[in-house]
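**Student:** Show me the folded form of this:
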Amino acid sequence: MGFSVTARAQYTPRSGSTGQFIAVRVVPGVTNSVGAAQGLVVQEAKSNVRVDTGELRDSIHAETPENTGKTVVGNVVASAGHAAFNEFGTGRAGAQGPNRGNVPYSESWPGWEGHAFIRPALDTTREAVNGVFRSEIALSLGK
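**Tutor:** Residues are numbered from 1 along each chain as shown. From the prediction side, this is the model:
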């Protein structure tokens, strides 16, 4: 069971010259920002994850940002089958642990506490991501 986190950047499309400006100048900056932010989160998540065989670390990747019309969406995915178990934990220990997620836990099994790697990556890259958005949007506006 893999899982993903999503970054969304919203903008308002308009008609006329303002709409053209947004489509030609703003949207590419937003798209570049989301892609660059994903790269930062992936790099940090890979440095946070516990490594045994490397399968989990190697499964962490960014999907191509998608423009849905007024939102640019970028996902960071950990696709290894055991990714969610590592992030959130399992059984009673996971249900009571600090990394508890919105996932089902079996109280009949002792389990283990999660060792989050994506959530801490989001937290530690927050300022850098904000800086990426500021610089990429400024670049797209020609500033």
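
**Student:** C-alpha only now, for contacts and for neighbours.
**Tutor:** Will do.

**Student:** What segments of this protein are helices?
**Tutor:** 16-21, 27-48, 55-59, 83-88, 91-96, 118-140 (DSSP state H).

**Student:** Using TSV, lay out those together with distance to Y105.
**Tutor:** TSV is the format used below for those (distance: least, CA to CA, whole Å):
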stretch	distance to Y105
helix 16-21	48
helix 27-48	24
helix 55-59	21
helix 83-88	10
helix 91-96	5
helix 118-140	19
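
**Student:** So which of the ones you listed is nearest V76?
**Tutor:** Distance to V76, taken as CA to CA, is lowest for helix 27-48 among the helices of the chain, at 6.3 Å.

**Student:** which other helices and strands contact the closest one?
**Tutor:** If contacts are counted by 3 or more CA pairs under 8 Å, 6 or more residues apart in numbering; DSSP states H and E, helix 27-48 sits against strand 3-10, strand 60-62, strand 71-78, helix 118-140.

**Student:** Can you lay out these as TSV showing mean neighbour count, mean pLDDT and distance to V24?
**Tutor:** Formatted as TSV, the helices and strands packed on helix 27-48 follow (neighbours: other CA atoms under 10 Å; pLDDT from 0 to 100; distance: least, CA to CA, whole Å):
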stretch	mean neighbour count	mean pLDDT	distance to V24
strand 3-10	16	59	15
strand 60-62	22	96	24
strand 71-78	22	91	14
helix 118-140	17	92	9
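
**Student:** need these in TSV with distance to N32, can you?
**Tutor:** As requested, these are exported to TSV (distance: least, CA to CA, whole Å):
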stretch	distance to N32
strand 3-10	11
strand 60-62	13
strand 71-78	10
helix 118-140	7
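
**Student:** Low-confidence regions, this protein specifically.
**Tutor:** 1-20 (pLDDT under 70).

**Student:** rewinding a little: nearest to N67, of the helices of the chain?
**Tutor:** Comparing these under CA to CA, the one sitting nearest is helix 27-48, at 7.6 Å.
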